[in-house]
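**Student:** Return atomic coordinates for the entry below.
(chains A and B)
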Amino acid sequence: MQPTDLTDPDYFHKVVDCQWACPAHTPVPEYIRMIAAGQYADAFMINWKSNVFPGILGRTCDRPCEPACRRGRVEEEPVAICRLKRVAADYKGDVSDRMPAAPATRNGKKIALVGAGPAALTVARDLAPMGYHLVVYDGDSRAGGMIRSQIPKFRLPEEVIDEEVGYIAAMGPEMRLGQRVESLKGLLDEGYDAVFVGSGAPRGRDLDLPGRREAAANIHIGIDWLSSVSFGHIAKVGRRVIVLGGGNTAMDCCRSSRRLGGEDVKVIVRSGFEEMKASPWEKEDAIGEDIPILNYLVPTAFKHHDGKLYGMTFDSVKAEYDAKGRRRLVPTGEPEQFFECDDVLVAVGQENAFPWIERDIGLTFNESGMPVVDETTFQSTEPRVFFGGDAAFGPKNIIWAVAHGHQAAISIHQFCQGTDVNDRPPPMVTLVSQKMGIHEWSYDNGVSLDLRFKVPHRDKAAALKDIKAEVELGFDDKLAFAEAERCLNCDVQTVFTDKLCIECDACVDICPVDSITFTANGEEAELRTRLTAPAHNLTQALYVSGHLKTGRIMAKDEDVCLHCGLCAERCPTGAWDMTRFLIDVAQAENACCNK
Amino acid sequence: MTFLAKPKLHHPELHKNSLGFTRRDYEGAISTLCAGCGHDSISAAIVRACFELELPPHRIAKLSGIGCSSKTPTYFLGASHGFNSVHGRMPSVLTGANLANRDLIYLGVSGDGDSASIGLGQFAHAMRRGVNMVYIVENNGVYGLTKGQFSATSDKGAKSKRGVVNSDEAIDLVGLALQLGATFVARSFSGDKAQLVPLIEAALQHEGSAFIDCLSPCVAFNNHEGSTKSFDYVREHNAAVNFLDVIAGREEIVVDYPPGSVETVTQHDGSTLRLRKLHTDYDMHDRVSALTYMQERHAAGEIVTGLLYVDPNPRDLHGHLKTSDTPLNALRDESLVPGASALAKINAGLR
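**Tutor:** Just a heads-up that it's a prediction; the model follows:
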């Protein structure tokens, strides 16, 4: 193998698994250290820079970082990264003076943003400080998009949305709320320099089964129903409720129903429990509120007496897998099952809808009705129009919308300044040694066995009484510290200088997870088999040095390195050093965060 | 020296031996020796050897004297018996322990000061009596704890860190061990675990006095230009006579060797050693030619390593003294106090 190229910013970035997995590349270990040090406001600002909505995401994120967390590979469960983010938001105090002010002068460019959801608000935040004249349109009367309309208040209190949306509104964009855009052509004709479309995936999928039309009064589309609940148009549901679907929307529907008079609420899903799209913790919370989840049942009909719904029928199925591992649901042949109900909530998926975009303005749509959007620049085939969030590539999570927003903001800025949108700005990388003295390191590297701490919940009876009462109470400062200490500081990198090594084996002997080997060089696949511990995780890199005095090389498997620094501590010549790696992923001129 | 405890977390694929122990279970407390000390590598090699031989930790006794090397038993086999004795007196204490309980596995760890200076007499007598033990000298040729004076194994002409040239002749512990009747004699290097670990395993299975002289560079005081015990010097002058590949009980590694280049030795306990001969004329069963060969190569400036001499059927101290098979500390009253009729019989025999 060739010696590892440490000048490639991606190499160490990948070692920080959580940051690499986060679509917005939030520097997770950096802010977790600050939480441990009680610097909540600093931790919040690091988050705010990367993911814009720390308090919101700290409650609702789909957490791609947690399955990636190295702690989960050396112990049972990853660090509770998401809930630590919430800690930063909960205890930060007043940060308004740290926010960029609305610019004193405009730069003369005018941008329209369609939708006031996470994607468009991210674009607004990134562009506002540079003096762009931003106009945000949304059909709803309050900003936030799906964050406000679809996420129940017992998971995300209104004040948190108001605060974090408020920071952006204070930066000076013109908010035209309650004003739905009916024509993209019309918008372009108004002379905007660019348009960002962040209109989400607003249409809930329906189920066209017998009885659907007749019993329509008691059959609701999940996301529309949640939105009506959120805006206070619906305050009651029947005693017996069936929720169809296995995603997070279904979980929000069933738990909302329990708070609006639903006593006998059940979720009925076509697939098995494991394959359900809902996050494991959401399923757990639903089950904890006495909501059974019934699997492998395909709905066949809505049953009604003269339009009055009284139940639903289902066929039992089982999963069969073909040679390619594809799943098919096959009827078991058992008799049809019937469940009584007063209301049905249909949460079987969401679709994009662009009835307001004319098909003759040079904006190409693909065969599945989605706009053709560049995956890097987020530019459509009409150069002035950019997409992001669910509107770009279909339904995903908030954190993806934020990541899209950052990239689209870079593109819009470059487009408006007349530079090539394909010419992406590089990240900023800093590597700083953490050695403070002979046995002193500037980070807490005492790694111990430590199981994940649970977030305290509100008493169930009290929680079910009030749809606005937040269920999760969040970590207090002591629990937050204990959980923060579980972080392995994967951003403090082991850096090896081959010229200094005397091959004494001290690092090999001390490494608690057998990551280090001195051996003859070879091809990667072969080298992986003859290391101190076999390196089976191919997603994790081998760090390979140049040739040493004996002709051998040093090979380190990054997979389960605890970043404890014992190799550096036991190295007599300083060939190993622990250096903090900070990567600042580029944003539009970093205008927001130069403070 | 490290203040940080080694985390208990380990590699998820770390395997267990038949006793249910991982290699980590054979470790001890974290070392307080200087970072990079060769002794720590030897400790790691002992840990690996005991894990691979699947030795029950509570059946091992580790004994040492005084010095950097003699501190190391704290850093391995945390679940074994230990005795940190007086300077240079480890062999006597170990001999006594061995006489009292012959069932334990005895591992004596010493250094060049502890064994070649203050304890030279003790070393000699343990060898000549054939105490069933593994005697490892962690040999760095320097008094590290007192800041780098020459030790008795420093080569004549070697330079100290401050530039002083050693004018005294070195004591060759391997030569002494061969002369005094040790039945397993080896030399190795802390920086070469591939050679060292199988040698320790073979020595642990040897039922007689097994001696390993292990060169172990002192990174603080004896790893400079002019030293003959530095990493660079030992690597450049290392002349291995053979390489111990396979020890029975471990999975066999199938390798094709040219004919005549492999020698198999079956030890008294049934374990089999398979040696790859790097020097085809070398006969490791001939004490005299081994001595001659060592002298020759030493004069040529080479450091001979490998398994230098082995007697596959040794007799140990208990054999010489015809002690009972039951350890002395386990003999019960019935056998120790045979009663009046046995006494009458003895008395009758004397009349």
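**Student:** Residue A:193: neighbouring residues, count only.
**Tutor:** 15 (other C-beta atoms under 10 Å in any protein chain shown). To be clear about C-beta, it is placed using only N, CA and C from the backbone, and glycine gets the same treatment.
**Student:** Starting from residue A:168, give me the distance back to the closest residue to it other than its chain neighbours.
**Tutor:** Sequence neighbours aside, residue A:109 is the residue nearest to residue A:193 in space, at 4.6 Å (criterion: C-beta to C-beta, 6 or more residues apart in numbering or on different chains). Separation of residue A:109 from residue A:168 (C-beta to C-beta, to the nearest Å): 18 Å.
**Student:** More neighbours: which of these two?
**Tutor:** residue A:168 (26 against 19).
**Student:** My read is that the more buried one contacts residue A:129, right?
**Tutor:** No - with contacts counted by C-beta atoms under 8 Å, residue A:168 stays clear of residue A:129, the gap being 10.7 Å.
**Student:** residues from the stretch 201-350 of chain B in reach of chain A?
**Tutor:** B:217, B:219-220, B:223, B:231-232, B:235 (C-beta under 8 Å from any C-beta of the partner chain).
**Student:** which two in those residues are spaced the farthest apart?
**Tutor:** Maximum pairwise distance in these, criterion C-beta to C-beta, is 19.0 Å, between B:220 and B:235.
**Student:** who has more neighbours, the two?
**Tutor:** Set residue B:220 next to residue B:235 and count neighbours by other C-beta under 10 Å: residue B:220 wins out with 19 against 16.
**Student:** what helix or strand does the residue of the stretch 201-350 of chain B found nearest chain A sit in?
**Tutor:** In the stretch 201-350 of chain B, no residue comes nearer to chain A than residue B:219, which is 4.4 Å away by C-beta to the nearest C-beta. Element membership for residue B:219 (DSSP states H and E) is empty, with no helix or strand holding it.
**Student:** and what of the one 4 residues further on?
**Tutor:** Taking DSSP H and E as the definition, residue B:223 sits outside all helices and strands.
**Student:** what's the distance between it and residue A:309?
**Tutor:** As judged by C-beta to C-beta, residue B:223 and residue A:309 stand 85 Å apart.
**Student:** what do you get for residue A:9?
**Tutor:** 58 Å.
**Student:** go on, residue B:291?
**Tutor:** Taking C-beta to C-beta, one finds residue B:291 at 101 Å from residue A:309.
**Student:** Which single residue of the stretch 301-450 of chain A ends up nearest chain B?
**Tutor:** Closest to chain B within the stretch 301-450 of chain A is residue A:447: 4.1 Å, counting by C-beta to the nearest C-beta.
**Student:** And the pLDDT for that residue?
**Tutor:** pLDDT, residue A:447: 86.
**Student:** What parts of chain A come near chain B?
**Tutor:** Counting by C-beta under 8 Å from any C-beta, the residues of chain A near chain B are A:73-75, A:439, A:445-449, A:502-506, A:508-510, A:512-515, A:533-534, A:536, A:549-550, A:560, A:562, A:564-566, A:569-573.
**Student:** number of nearby residues for the residue of chain A found nearest chain B?
**Tutor:** As assessed by C-beta to the nearest C-beta, chain B sits closest to residue A:572 within chain A, at 2.9 Å. Using other C-beta under 10 Å, residue A:572 has 18 neighbouring residues.
**Student:** separation between the closest residue to it other than its chain neighbours and residue A:50?
**Tutor:** Nearest residue to residue A:572 in three dimensions, chain neighbours excluded: residue B:36, at 2.9 Å (C-beta to C-beta, 6+ apart). Remark: distance between residue B:36 and residue A:50 (C-beta to C-beta) = 40 Å.
**Student:** the longest helix in the chain is where?
**Tutor:** All of this is about chain A. Longest among the helix segments of chain A by residue count, using DSSP state H, is helix A:398-416.
**Student:** switch to chain B, that's the one I care about
**Tutor:** Under DSSP H, chain B gives helix B:38-52 as its longest helix.
**Student:** Tell me the strands beside the helix or strand following that one, with direction?
**Tutor:** Once the chain leaves helix B:38-52, the next helix or strand it forms, by DSSP H and E, is strand B:60-64. Note on strand B:60-64: by DSSP bridges, its sheet partners are strand B:81-84 (parallel), strand B:105-111 (parallel).
**Student:** In chain B, which residue sits nearest chain A?
**Tutor:** Taking C-beta to the nearest C-beta, chain B has residue B:36 as its residue nearest chain A, at 2.9 Å.
**Student:** what's the burial count for that residue?
**Tutor:** Residue B:36 has 24 nearby residues by other C-beta under 10 Å.
**Student:** Which one's more surrounded, residue B:291 and residue A:309?
**Tutor:** residue A:309 (24 against 18).
**Student:** Might you report the residue contacts of the more buried one?
**Tutor:** By C-beta atoms under 8 Å, 6 or more residues apart in numbering or on different chains, the residues touching residue A:309 are A:211, A:215, A:217-219, A:302-303, A:341-344.
**Student:** wait, is it part of a strand?
**Tutor:** Yes - according to DSSP: H, G, I helix; E, B strand; the rest coil, residue A:309 belongs to a strand.
**Student:** Quick check: the gap between it and residue A:211.
**Tutor:** Taken as C-beta to C-beta, the span from residue A:309 to residue A:211 is 8 Å.
**Student:** could you point out where the stretch 51-200 of chain B is predicted with low confidence?
**Tutor:** Judged by pLDDT under 70, the stretch 51-200 of chain B has no weakly predicted residues.
**Student:** That one: helices as residue ranges?
**Tutor:** Counting by DSSP state H, counting those that start in this stretch, the stretch 51-200 of chain B has these helices, from start to end: B:68-71, B:90-100, B:112-116, B:120-129, B:173-179, B:193-205.
**Student:** Counting neighbours, what do you get for residue A:30?
**Tutor:** 22.
**Student:** again with the one 3 residues further on
**Tutor:** Here the neighbour count serves as a burial measure; for residue A:33 (other C-beta under 10 Å) it reads 23.
**Student:** which residues does it contact?
**Tutor:** Residue A:33 neighbours (C-beta under 8 Å, 6+ apart): A:443-444, A:484, A:487, A:489.
**Student:** per-residue pLDDT, it?
**Tutor:** pLDDT, read off for residue A:33, is 96.
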